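got a structure for you, letters missing:
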């Protein structure tokens, strides 16, 4: 007997190879979630990734606490923060998580990450005032002989179009650094 019915096979084929016309719509009953695990024993780490432009910096612990409270309210596990305007390294512990920020060479930019308390940081790198990268372990309670899974988040704050037109070398440098 076949593993699946011919109707299910047709649905599967339509999703993988939809017709080339623009009028094709996949009906809700035809939806198949290919990402859903079929194994009952497999555990998943569920989290949300967010991005906030803090517009005005993370001056003082009050603003940092507000960011972490917003992350808690929205159930965000990792949040990329832009325009921190920090002149020094930021590190703040909170009941929900922590903020790790990088110093900016100018008073206009600056990047940071908000990370939920139960996530373990593997590495963090400040590439420029506009690009930072953080890697986080996905399986904190991993078995010793299994390879760790990492989530890498790139926080990129591109020059806006007016600034890029006025200073094309700044935009070119940003995209060159992003590709490296």
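That came through, no problem. Predicted model, so just to flag it, every value in this text is computed and none were measured.

could you point out the helix or strand that follows the helix or strand hosting residue 68?
According to DSSP states H and E, residue 68 maps onto helix 60-74. With elements assigned by DSSP H and E, the helix or strand that comes after helix 60-74 is strand 78-82.

picking that back up, let's test this: mean pLDDT of the helix holding residue 68, rounded?
Helix 60-74 carries an average pLDDT of 85.

roughly how far apart are the closest residue to residue 102 other than its chain neighbours and residue 178?
Of all residues not flanking residue 102 in the chain, residue 126 sits nearest, at 3.9 Å (CB to CB, 6 or more residues apart in numbering). The C-beta positions use only the backbone N, C-alpha and C, and glycine is treated the same way. Distance, residue 126 to residue 178, using CB to CB, to the nearest Å: 14 Å.

which one's more surrounded, these two?
Neighbour count, other CB atoms under 10 Å: between residue 126 and residue 178, residue 126 has more, with 19 against 14.

what about the more buried one, which SS state?
strand (DSSP: H, G, I helix; E, B strand; the rest coil).

didn't it look like it was pressed against residue 111?
Yes: if you go by CB atoms under 8 Å, residue 126 and residue 111 touch, sitting 7.4 Å apart.

shared neighbours of these two, which are they?
Counting by CB atoms under 8 Å, 6 or more residues apart in numbering, the contacts common to residue 126 and residue 111 are 102, 132.

and residue 100, what does it touch?
90, 91, 112, 113, 115, 121, 124, 134.

test my guess that residue 102 contacts residue 132.
Yes: between residue 102 and residue 132 there is a contact at 5.6 Å, judged by CB under 8 Å.

which residues are in contact with each of those two?
By CB under 8 Å, 6+ apart, the residues touching both residue 102 and residue 132 are 111, 112, 126.

helix or strand for the second one, which one?
Using DSSP H and E, the secondary-structure element containing residue 112 is strand 111-116.

report the contact partners of the nearest residue to residue 75 once chain neighbours are set aside.
Closest residue to residue 75 apart from its sequence neighbours, by CB to CB, 6+ apart: residue 48 at 5.9 Å. Residue 48 sits next to 74, 75, 76, 77, 78 when contact means CB under 8 Å, 6+ apart.

just the pLDDT at the residue nearest to residue 102, thanks.
90.

again with residue 129
86.

that one and residue 89, how far apart?
14 Å.

tell me which of the two has more neighbours.
residue 129 (18 against 11).

the closest residue to residue 117 other than its chain neighbours bridge partners, please.
Distances taken as CB to CB, 6+ apart put residue 97 closest to residue 117, at 4.8 Å, once the chain neighbours are dropped. Partner residues in beta bridges with residue 97, using DSSP bridges, are residue 116.
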